[in-house]
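Chemist: return a 3D structure for these sequence lines:
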Amino acid sequence: MGIFANMTRRKFLKTAAASAGALAGSQFMPAKSWAGGHSDVIMPPGGKKFKDIELSYFQDGNWLHAPLWLSEQFRKDAGVSIKSRELYDGGDTVAKVLPQLLSRKPRFDWVQYPCLFFGQFAETGQLEPLDDYFAQYAGSQEYLDWVMPAYREFYTKWDNKTYGIMLDGDIHILHYRKNYFNDPDLQRKFSKRFQRELVVPKTWPHFLECTQFFTEELSSKGVYGTSMVVNPPAFGWGFWMDIAASNGVNYFDASMNPGINSKQAVEALDMYKNIIEFSGPGGKSMDINQTIQRWQSGTDVMSVWWIDLSEFTVQQQGMEMAEQQGADIVPGWEQPDGSINHKAVSLWCRTGSIPKNLPQDVKDAAFYFLYRMSHPSISDEIVADEYCGSDPFGRSHYTDESARKYTMANPQRGTDNDLWPTNSGIFKTFETARSHLDGGLRNVEVGYPQFYWEGTPQYADALGRNISKAVSGQLTSQQALDEAAEEWVKIVQKLGIDNQKRQYENFLAGARKLGYKI
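Modeler: Predicted coordinates:
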């Protein structure tokens, strides 16, 4: 098991457990194709169907079932369908995917994987370059421009070539309970204490104040200001990075000198620790599943978490509590000119790629399947479906029309099997869905990438492990980040500084395109 093993959120969806193992696609198709929906059918180049090509694919087990319910429609439209899929644990991505990429006869025709490993896989030279495939499809440049830059620039391109197609746009956002911020008694008490109004916090110092206030006022009722993910360390670092990146911290400089133990980085870790002090019992060892449980039970007033926290917990929360959910930009740090610098980490995410060692007709069919599934004509529906596992990653995913889809059945599928037994939308009202997407969009526009080049598991482990030591009091913030930086230097040396500098340049190039100060 890798250091990322068993760490994804969607294990809380009961139906995910039903999908273990390799599955024959024909067993899971809807009885009939969908009516309505988008009328634009993307056809293969030249308008000619494939010759009934059946594809096998790998996916991590927490990205759910969209390829299966799309298979029959794609077969009818274009002569390409799903034959089988194989699920793997996200923590085992490298162990499961890399040998197949290096094989002369890979067992998959396309693969979906977490974006942390995109650079490592691209470095093998065994991912099929996709630029020539895109060029064969009319309108593909509009599609590429449609993918949000925070995902496109980091998780689909490597060394100026395209090797990935976006399938899932994870981003951290600030979830909050509207009823507590709107409570007149709490508003009065907060105003008296802090001499300003109780509003959703926009800066980390204000977030800390709100956390402390809510915890002190409501802990007797079992309600706390927030909880922060600390464990597993391989993910906990990302929640510190929301604070650190908005304080001007970068992973490395251009010469691969670590930036994670700077004065600003230490200030961010002190803030992270101070917030945790007011997060209630177990806060210093809080894991991902516990933060989910606290949100769905109404224990936390605020939660910095992935965007889908408010989606897959709706049933457990109950509709009344779910409709009190709000979403906003992750807090930042006020700058000398009065502006606020926000950064939200795009941790995890998912990309689809094609192995190079396949017959050309299979690669053509695999590209078609991935491209059409990612295209807004299809993905506008699937990102709003509770049994898909994809979060918004394209511009149209944030429109009013898309918000309405979160309140409606997905016309692409029925409810005729155990993998997707319901189909009635996620949210009850348009207003809740609109708030959800507004919060997501604000954060994607300031999205800060995770590390995604060779060495990612080692970097994540070293940073997260030492941050955890600081939280528990074993090390000071400065000591913990110095230890992490020292380990990072050794990782760079082991992997080769010139090699790491070249790979890191992909991160720097994307950051410069987005206007980030590096």
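Chemist: can you tell me which residues contact Val41?
Modeler: Val41 is in contact with Asp77, Ser377, counting by C-beta atoms under 8 Å, 6 or more residues apart in numbering. C-beta here means a position set from N, CA and C on the backbone, and glycine is covered the same way.
Chemist: what is the neighbour count of Pro184?
Modeler: Residues within reach of Pro184, counting by other C-beta atoms under 10 Å, total 8.
Chemist: likewise Ile171?
Modeler: Residues near Ile171, counting by other C-beta under 10 Å, number 30.
Chemist: which residues touch the residue most central in space within the chain?
Modeler: Nearest residue to the geometric centre of the chain (C-alpha atoms, centre = their mean): Asp170, 1.8 Å. By C-beta under 8 Å, 6+ apart, the contact list for Asp170 reads Trp306, Ile307, Asp308, Ser346, Leu347, Trp348, Cys349, Arg350, Asp391.
Chemist: save those residues as CSV, and put in distance to Asp89 too.
Modeler: Listed next are those as CSV, based on distance: C-beta to C-beta, whole Å:
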residue, distance to Asp89
Trp306, 18
Ile307, 22
Asp308, 19
Ser346, 21
Leu347, 17
Trp348, 14
Cys349, 17
Arg350, 14
Asp391, 20
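Chemist: quick one: low-confidence parts of the chain?
Modeler: Scanning the chain for pLDDT under 70 picks out 1-39.
Chemist: domain ranges for it, per the record?
Modeler: 9-168+349-424, 171-347+427-518 (automatic domain parsing).
Chemist: how much space is there between the nearest residue to Met319 once chain neighbours are set aside and Asp337?
Modeler: By the measure of C-beta to C-beta, 6 or more residues apart in numbering, the closest residue to Met319 outside its immediate chain neighbours is Lys428, 5.6 Å from it. Separation of Lys428 from Asp337 (C-beta to C-beta, to the nearest Å) stands at 41 Å.
Chemist: which one's more surrounded, these two?
Modeler: Ranked by neighbour count (other C-beta under 10 Å), Lys428 and Asp337 place Lys428 first, with 16 against 5.
Chemist: could you pull out the strands in the stretch 51-200 of the chain for me?
Modeler: 53-60, 80-88, 110-114, 157-158, 161-162, 165-168, 172-177 (DSSP state E, counting those that start in this stretch).
Chemist: quick one: those strands as a markdown table, columns for distance to Val147 too.
Modeler: Shown next, in a markdown table, are the strands of the stretch 51-200 of the chain (distance: least, C-beta to C-beta, whole Å):
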| stretch | distance to Val147 |
| --- | --- |
| strand 53-60 | 20 |
| strand 80-88 | 22 |
| strand 110-114 | 16 |
| strand 157-158 | 11 |
| strand 161-162 | 10 |
| strand 165-168 | 5 |
| strand 172-177 | 19 |
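Chemist: same list (those strands) but as CSV, adding mean neighbour count and distance to Glu267.
Modeler: Shown next, in CSV, are those (neighbours: other C-beta atoms under 10 Å; distance: least, C-beta to C-beta, whole Å):
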stretch, mean neighbour count, distance to Glu267
strand 53-60, 22, 35
strand 80-88, 20, 39
strand 110-114, 26, 30
strand 157-158, 21, 33
strand 161-162, 16, 38
strand 165-168, 27, 32
strand 172-177, 24, 19
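Chemist: who touches Lys284 in this structure?
Modeler: Contacts of Lys284 (C-beta under 8 Å, 6+ apart): Val230, Ile276, Val471, Ser472.
Chemist: same for the host helix or strand of Ile292, what does it pack against?
Modeler: Using DSSP states H and E, the secondary-structure element containing Ile292 is helix 288-296. With contacts defined as 3 or more C-beta pairs under 8 Å, 6 or more residues apart in numbering; DSSP states H and E, helix 288-296 has these neighbours: strand 302-306, helix 314-317.
Chemist: again, 10 Å this time
Modeler: helix 233-245, strand 302-306, helix 309-312, helix 314-317, helix 319-322 (3 or more C-beta pairs under 10 Å, 6 or more residues apart in numbering; DSSP states H and E).
Chemist: which residues are contacting the fourth one?
Modeler: Right, the one you point to is helix 314-317. Contacts of helix 314-317 with the rest of the structure, by C-beta atoms under 10 Å, 6 or more residues apart in numbering, involve 12-14, 292-293, 295-298, 310, 321-325, 386, 422, 425-428, 432.
Chemist: list the contacts for the closest residue to Gly282 other than its chain neighbours?
Modeler: The shortest distance from Gly282 to any non-neighbouring residue, by C-beta to C-beta, 6+ apart, is to Gln290 (6.7 Å). For Gln290, the contact set (C-beta under 10 Å, 6+ apart) comprises Ser227, Val229, Val230, Asn231, Gly282, Gly283, Thr299.
Chemist: what's the distance between the residue nearest to the centre of the chain and Ile243?
Modeler: Distance of Asp170 to Ile243, given as C-beta to C-beta: 18 Å.
Chemist: for the residue nearest to Met319, what are its contacts?
Modeler: Val314, Met319, Glu320, Ala322, Glu323, Tyr406, Thr407.
Chemist: most neighbours among the residues you listed, please name it.
Modeler: So for those (other C-beta under 10 Å), the most neighbours sit at Tyr406, 22 neighbours.
Chemist: and the residue lying closest to it once chain neighbours are set aside, helix, strand or coil?
Modeler: Nearest non-adjacent residue to Tyr406, counting by C-beta to C-beta, 6+ apart: Ala433, 3.9 Å away. Three-state assignment for Ala433 (DSSP: H, G, I helix; E, B strand; the rest coil): helix.
Chemist: okay, now Ala433: neighbour count?
Modeler: Neighbour tally, Ala433, other C-beta under 10 Å: 24.
Chemist: my guess is Glu505 meets Lys157, correct?
Modeler: No. Using C-beta atoms under 10 Å, Glu505 is not in contact with Lys157; the gap is 11.9 Å.
Chemist: after whichever strand or helix holds His436 comes which helix or strand?
Modeler: Assigned by DSSP H and E, His436 belongs to helix 430-444. Sequence-wise, the next helix or strand downstream of helix 430-444 (DSSP H and E) is strand 447-449.
Chemist: what residues sit buried inside that next one?
Modeler: For strand 447-449, a neighbour-count test (16 or more other C-beta atoms under 10 Å) marks Gly447, Tyr448, Pro449 as buried.
Chemist: is it correct that Trp453 is in contact with Leu495?
Modeler: Yes. Between Trp453 and Leu495 there is a contact under C-beta under 10 Å: 9.4 Å.
Chemist: follow-up on the earlier one: which one of the contacts of Lys428 is nearest to Gln360?
Modeler: Proximity of the contacts of Lys428 to Gln360 (C-beta to C-beta) peaks at Tyr406, which lies at 39.5 Å.
Chemist: pretty sure the closest one is touching Glu431, no?
Modeler: No. Judged on C-beta under 10 Å, Tyr406 makes no contact with Glu431 at a distance of 11.0 Å.
Chemist: find the nearest non-adjacent residue to Arg465, please.
Modeler: Pro233 (4.5 Å).
Chemist: contacting residues for Ser255?
Modeler: Residues in contact with Ser255 (C-beta under 10 Å, 6+ apart) are Ile497, Lys501, Tyr504.
Chemist: so who does the residue nearest to Arg465 touch?
Modeler: By C-beta under 10 Å, 6+ apart, Pro233 lies in contact with Ile3, Ala460, Asp461, Ala462, Leu463, Gly464, Arg465, Asn466, Ile467, Ser468, Lys469, Val471.
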